[in-house]
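K.L.:
Can you look at this prediction? I've put the sequence above it.
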Amino acid sequence: MVTTTDMIAYWKMDESAGDMIDAHSSNDGNVTSVTQNVAGKINTAYSFDGNNDRVNVNSVVSNMKTNEGSIGGWMKTTNLTGAGLPTIFMFGDTNANEKLVFNIESSNLIVDLIINGSRKYLFQVSTTELTSNQWHFLTITHDGTIPRLYIDEVNQTLSYISEVDKTAWLNDASGIDNFNFGTSNWNNNGNIRFFDGQLDEWMMFTRALSDSDVSDLYNSGNGRAYPFKTIAQSTSVDFNNEIITGAKLTATFTGNTPALFMTANGSNFESISSGVIHTFSNTGTDLRWNASGTGTILTEIKIEDYH
């Protein structure tokens, strides 16, 4: 299960107006012209029209200048050819040629890192891996050695146009001073190359997410809402001398629904269904439950109607 270890920010993009709120920390974003409160992957999302829409979050820049990192979230667009060179996000130096940009160009997803005017790498993945007007989970990671790009939960094979130094990351980019969703801003160009499409549930870490982390966030295409809730294992209640013959466990899940089990004697686990009173074959005084599999808990786990 993915954790919030080394998380810098998480933007749910659920606001109907005003700033883009960082649900994890205090890196709120300034929203310009973006249409908020549109149908999203999880709850609502932001819609960018390709003209002057953007969200600026400069406060994340200093925290992300490490030798490892991850940036990921959900994206939907009909512009898979990359007309207008739409920018999904960019770290940029307002007045110099230094940037890390993720954009669409010539029917490819492009990642381009330039430091102090020198390109360290530029790679691409064909947008044929995407479906027009459908939500896809996109993640860029760097583990201090090489970058990776995931589409949904698949670690893509990268086609390098330039690969001078694949170990380079944001810790090497001392001049970067701005971060934006939906536009590029670097080298005295101002805001250009605006994104047209929708973004939802974006996050940043100062560590490289693992394959399993990305897969968990993708969650079989359902996504995983923040805060990430884990399924507690072997939760127990000791009733001392009171014999338990039946009980009901209630929980609501999204994504995968795990297999649920309870025991009244602490050892003989029996398969149960959420919200249904279960009569135990093996009674006892040590009521426990556990789960097998993955799933996001939407409500508090409750054990009730025990007798």
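P.N.:
Ah, there it is.
K.L.:
bridging residues for residue 75?
P.N.:
Beta bridges link residue 75 to residue 136, residue 199, judged by DSSP bridges.
K.L.:
which regions of this protein sit below the pLDDT cut-off?
P.N.:
For the chain, applying pLDDT under 70 flags the ranges 1, 229-241, 253-256, 293-302, 304-307.
K.L.:
mind giving me the domain split of it?
P.N.:
The record's domain split for the chain, according to automatic domain parsing, is 7-221, 235-304.
K.L.:
residues contacting residue 49?
P.N.:
Taking CB atoms under 8 Å, 6 or more residues apart in numbering, we find residue 49 in contact with 33, 35, 194, 196. (C-beta placed from N, C-alpha, C; glycine too.)
K.L.:
Can you lay out the domains of the chain as CSV showing distance to residue 227?
P.N.:
Formatted as CSV, the entries for the domains of the chain read as follows, by distance: least, CB to CB, whole Å:
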stretch, distance to residue 227
domain 7-221, 8
domain 235-304, 10
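K.L.:
looking at those domains, which is buried most?
P.N.:
Taking mean count of other CB atoms under 10 Å as the contact definition, the stretch among those with the greatest mean neighbour count is domain 7-221, which reaches a mean of 19.
K.L.:
any chance you could map the strands in the stretch 51-200 of the chain?
P.N.:
Assigned strands in the stretch 51-200 of the chain, in chain order: 54-56, 69-76, 87-92, 99-105, 108-115, 118-126, 136-142, 147-151, 154-155, 159-163, 178-181, 196-205 (criterion: DSSP state E, counting those that start in this stretch).
K.L.:
can those go into TSV with extra columns for distance to residue 225?
P.N.:
Conversion of the strands of the stretch 51-200 of the chain to TSV gives the following (distance: least, CB to CB, whole Å):
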stretch	distance to residue 225
strand 54-56	20
strand 69-76	11
strand 87-92	21
strand 99-105	23
strand 108-115	25
strand 118-126	27
strand 136-142	13
strand 147-151	19
strand 154-155	22
strand 159-163	33
strand 178-181	19
strand 196-205	8
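K.L.:
Looking at those, spot the one closest to residue 44.
P.N.:
Within the strands of the stretch 51-200 of the chain, the stretch nearest residue 44 is strand 196-205; the backing value is 7.7 Å (CB to CB).
K.L.:
got the angle for the helix or strand just after the closest one vs strand 147-151?
P.N.:
For strand 196-205, the succeeding helix or strand toward the C-terminus, using DSSP states H and E, is helix 211-218. Orientation note: helix 211-218 sits at an angle of 30 degrees relative to strand 147-151 (axes from the mean of the first three to the mean of the last three CA atoms, to 10 degrees).
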